[in-house]
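**Student:** sequence unknown, structure follows:
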Ligand code: HEM
């Protein structure tokens, strides 16, 4: 069944009626209780429902079949660039996240070597150095808001590994500051504020930060062009010397857009996961103890090495999987349909904003027993392999699955294990952990920890 609300409103699958005066109310509900509100729509309307919200129409497609369709079987029929992700173009440009077809495939091929295992290993060594330095600046007895702290460390790591800029330099700190400030434009609750333009608007402030960032990147690229091609320390160097199939080098703009995309996609996703993980184990003493034992047994006092991080700490793997099930940072996969299509008995026309939603799929009781519970033990290797394809998608899936998944997992493991080696992490009392959903799922008020002695 479909509803037609107005003559000028398109014929889309059903959903909560939202005339303009109701939009604000819906916005507040989505802000205060996003998961509960969306789950309520799922229960009322089923796996396909339309949100009409301050002029935006978005068809949510929930569950395994929808995920498989958008991510694997029919992914070419859905555009990233013309979906809601296109809103990022003023900031990150036309990189991997915001292009389709040949432009995307070419860029993915060029970037793939940056994520080969041998390079991931060298990033790991530098991540440990950066994380260790940040931990050395903490002291027993400190109270730390760990999401903010991890964001800072993650941007430092990104500045080093992606750009090859040392964070001790004023230049790198300047870059990190402007990047965070520019990105804060996307931190609002209501997507439509993004559409406002003009002097004094958030958009014009973002533009000023971009101008500063572009200047730094331009100089860095010019500088690297003068280095010999073998000297690949950072992903930026790799791009500067990369050649496409046509033998052409990438333009400044292409390099800039890919680097901004990696910075955008890579740092808050990781930081949010570390923060959620520490909040979740802080409330589950048995998980905390079990994880602490594993880290102590495997590492003792030494820092983690690559063999520890991939396969050496299986319980840490399970804890991360369960954290990403409950709080997948990139929770919404927006696209624009390029053709009419059918799903779960509904027809959806071409040129519709649609999205798959890992957050809701991960909470479906028909897939996960007791889905609200934090229970890392559910992810034994066997149980994980037995999940239906498309049931667990914190990194997306298919040809456009997250290119930085191993990079991100490694960073999370390094930060969690080093923090737990140094301190007993105690949650400060009275925290509710309300959720921010834009641009990633993160703890809106942070996660406050007291650092106790081991
Ligand atoms: C816990 C950490 C991370 C999570 C949960 C995560 C999640 C995701 C998800 C869900 C997608 C697919 C989005 C969609 O289908 O709409 C994606 C794509 C992507 N991610 Fe990640 N990500 C993480 C870390 C990283 C890191 C560290 C980097 C880079 C250094 C990165 C770079 C990218 C890029 C470039 C894409 C687009 C790939 C393409 O379209 O070919 N991500 N990520």
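**Tutor:** Thanks, I have the structure now. From a predicted model like this one, the values you see are computed outputs, not experimental measurements.
**Student:** Do any residues in stretch 415-422 lie close to the ligand?
**Tutor:** No. Using Cβ under 6 Å from any ligand atom, stretch 415-422 stays clear of the ligand, coming no nearer than 11.3 Å. C-betas here are computed from N, CA, C, even on glycine.
**Student:** what's that stretch in contact with?
**Tutor:** Applying Cβ atoms under 8 Å, 6 or more residues apart in numbering, the contact partners of stretch 415-422 are 128, 131-132, 135, 138, 150, 153, 274, 277-278, 291-292, 295-296, 299, 301, 303-304, 308, 313, 316, 425, 454.
**Student:** next one: stretch 341-355
**Tutor:** 2, 10-13, 46-48, 56-61, 63, 65-66, 69-70, 74, 77-78, 83-84, 332-340.
**Student:** Just the buried residues of those residues.
**Tutor:** 12-13, 47-48, 57-61, 63, 65-66, 69-70, 78, 83-84, 332-338 (16 or more other Cβ atoms under 10 Å).
**Student:** can you list the residues of this protein near the ligand?
**Tutor:** Within the chain, the positions adjacent to the ligand are 96-97, 108, 261-262, 265-266, 269-270, 273, 324, 328-330, 333, 394-396, 400, 402-404, 407-408 by Cβ under 6 Å from any ligand atom.
**Student:** Quick one, grab the pLDDT at the closest residue to the ligand within the chain.
**Tutor:** Residue of the chain nearest the ligand, by Cβ to the nearest ligand atom: residue 404 (2.2 Å). In this model, residue 404 is scored at 96, pLDDT.
**Student:** Can you give me the neighbour number for it?
**Tutor:** Neighbourhood size, residue 404 [other Cβ atoms under 10 Å]: 21.
**Student:** same deal with the one 4 residues further on?
**Tutor:** Residue 408 has 23 neighbours, counted by other Cβ under 10 Å.
**Student:** ok, now how distant is the residue of the chain closest to the ligand from residue 411?
**Tutor:** From residue 404 across to residue 411, the span is 9 Å (Cβ to Cβ, to the nearest Å).
**Student:** Same question for residue 342.
**Tutor:** In this view, residue 342 and residue 411 are 40 Å apart by Cβ to Cβ.
**Student:** Have a look at these two and say which one is more surrounded.
**Tutor:** For the pair residue 342 and residue 411, the greater number of neighbours falls to residue 411 (30 against 10), based on other Cβ under 10 Å.
**Student:** thought residue 294 was touching residue 316?
**Tutor:** Yes. Counting by Cβ atoms under 8 Å, residue 294 does reach residue 316; the two are 6.4 Å apart.
**Student:** neighbour count winner among these two?
**Tutor:** When neighbours are counted by other Cβ under 10 Å, residue 316 comes out ahead of the other of residue 294 and residue 316, with 24 against 19.
**Student:** for the more buried one, phi and psi?
**Tutor:** With angles defined as degrees, to the nearest 10, residue 316 sits at phi -60, psi -40.
**Student:** what pLDDT does it get?
**Tutor:** pLDDT for residue 316: 98.
**Student:** Tell me who's in contact with it.
**Tutor:** Counting by Cβ under 8 Å, 6+ apart, residue 316 touches 291, 294, 295, 413, 416, 417.
**Student:** Try it again at 7 Å.
**Tutor:** Counting by Cβ atoms under 7 Å, 6 or more residues apart in numbering, residue 316 makes contact with 291, 294, 413, 416, 417.
**Student:** now do residue 135
**Tutor:** 418, 419, 422.
**Student:** continuing past the one helix or strand residue 385 maps to, what's the next helix or strand?
**Tutor:** Under the criterion of DSSP states H and E, residue 385 resides in helix 381-386. Downstream of helix 381-386, the first helix or strand assigned by DSSP H and E is helix 405-422.
**Student:** Show me what secondary structure element comes after that following helix.
**Tutor:** Following helix 405-422 in sequence order, the next helix or strand is strand 424-427 (DSSP H and E).
**Student:** buried residues in that next one?
**Tutor:** Buried residues in strand 424-427, counted by 16+ other Cβ under 10 Å: 425, 427.
**Student:** How about stretch 101-120?
**Tutor:** Quick answer for stretch 101-120 (16+ other Cβ under 10 Å): 104, 106, 107, 110, 111, 114, 115, 119, 120.
**Student:** Surely the last one is in a helix?
**Tutor:** In other words, residue 120. Yes. Under DSSP: H, G, I helix; E, B strand; the rest coil, residue 120 sits within a helix.
**Student:** Please list all residues in contact with it.
**Tutor:** Residues counted as contacts of residue 120 (Cβ under 7 Å, 6+ apart) are 406, 407, 410.
**Student:** Check the fifth one too.
**Tutor:** Counting by Cβ under 7 Å, 6+ apart, residue 111 touches 96, 258, 403.
**Student:** One more: the fourth one?
**Tutor:** Listed by Cβ under 7 Å, 6+ apart, the contact partners of residue 110 are 242, 244.
**Student:** Going by secondary structure, it is in what exactly?
**Tutor:** helix 101-111.
**Student:** How far away from the center of its chain is that helix?
**Tutor:** Centroid separation for helix 101-111 versus its chain: 20 Å, with Cα atoms, centre = their mean, to the nearest Å.
**Student:** where are the low-confidence patches of this protein?
**Tutor:** The model of the chain has pLDDT under 70 over residues 1-9, 18-23, 54, 166-169, 187-200, 229-232.
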